[in-house]
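**Q** I'll drop the sequence and a predicted model, then ask my questions.
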Amino acid sequence: MGLLSRFKNIVKANVNASKDSTKNPEKALDDFFRNANMELGKIKAEAASAQAEMNTAKRALDESKSEMNKLQRYAEKAVEAANDDDALKFLERKSLQAAKQKQLQAGYERAASKAASLQQIQDKLAADLDRLEARRLDLKGKLADAKLQQQLNTAGSSIHDAFKAVEEEANRILDEAAARAELSHDGQAIDLDEKFKALEQDTVSDSDENAAMSTEQELSVIKEKMKKKE
């Protein structure tokens, strides 16, 4: 599996895991970026290793080219010295080095291609994560705002419920006081009626007594008149 495909699969797995972590979306975001950055770190390490392999292949290729140039010069000098045998030996060694150089060239090209691909993937993923990081901060801000709003809603609901309970209790106390006042008022009315009747009876009794006393006085007057006639 290629590195890019592997990273995409990891990202997809992280996204699916994040969808399941609805209870704590902020933690899901942090987990996603932590895992993504870990994978990016691995890709950076592989890219650095590929770059090191490319550099090693480049040095071997450069040394092979230098060796071929050196053997070419030696062969030319041998020819100048009329030493064909040595010139042939140098040319034979050069031929062997040329075959080796082809292998080194192919190895270097493979290493360079791998290093370039990994570097390209690394740069793209790093840029994508940088852009996503800005969105992550924005999302975390929105989550913080949503959490605060939820707390405010909960607090507001609690205050409303508490106020409603106090209001109901106050109304109950007022209703109870009003009922007691009404009962007390009715009791006072009964007492006043009774008192009025009692006063009325006392008044009648006094009137009867006064009437009785007037009759006796009248009788006394009659008797006095009769005595005077005698």
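**A** Done, it's in.
**Q** where along this protein do the helices fall?
**A** For the chain, the helices defined by DSSP state H occupy 3-20, 25-80, 84-229.
**Q** what's the second one packed up against?
**A** What it means is helix 25-80. Applying 3 or more CB pairs under 8 Å, 6 or more residues apart in numbering; DSSP states H and E, we find helix 25-80 packed against helix 3-20, helix 84-229. C-betas here are computed from N, CA, C, even on glycine.
**Q** and those, which one is worst for confidence?
**A** Mean pLDDT per stretch puts helix 3-20 lowest among the helices and strands packed on helix 25-80, at a mean of 55.
**Q** what separates E176 from E168, distance-wise?
**A** Distance of E176 to E168, computed by CB to CB, to the nearest Å: 13 Å.
**Q** Oops, could you answer that again for E67 instead?
**A** Going from E67 to E168 by CB to CB gives 101 Å.
**Q** So if I had to pick from the two, which one is more boxed in?
**A** Neighbour tally, E67 and E168, criterion other CB atoms under 10 Å: the higher count belongs to E67, 16 against 10.
**Q** Once you drop chain neighbours, what's closest to the more buried one?
**A** Q97 (5.3 Å; CB to CB, 6 or more residues apart in numbering).
**Q** Could you do K65 as well?
**A** Excluding its sequence neighbours, the residue lying closest to K65 (CB to CB, 6+ apart) is Q101, at 6.6 Å.
**Q** Hmm, the one you found is touching S64, no?
**A** Yes: with contact defined as CB atoms under 8 Å, Q101 counts as touching S64 (4.3 Å).
**Q** circling back to that earlier point, can you count the residues close to the residue nearest to K65?
**A** Based on other CB under 10 Å, the number of other residues close to Q101 is 19.
**Q** Against A116, how distant is it?
**A** 22 Å.
**Q** What of A126?
**A** 16 Å.
**Q** same thing with A78?
**A** 42 Å.
**Q** neighbour-wise, which of the two wins?
**A** A78 (18 against 14).
**Q** Could you pull up the residues touching that one?
**A** Going by CB atoms under 8 Å, 6 or more residues apart in numbering, A78 touches 84-87, 90.
**Q** try it again with 7 Å
**A** Residues near A78 by CB atoms under 7 Å, 6 or more residues apart in numbering: 86-87, 90.
**Q** Restricted to buried residues, select the residues you listed in ChimeraX.
**A** Selecting only the buried entries of the contacts of A78 in ChimeraX, with 16 or more other CB atoms under 10 Å as the criterion:
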select :87,90
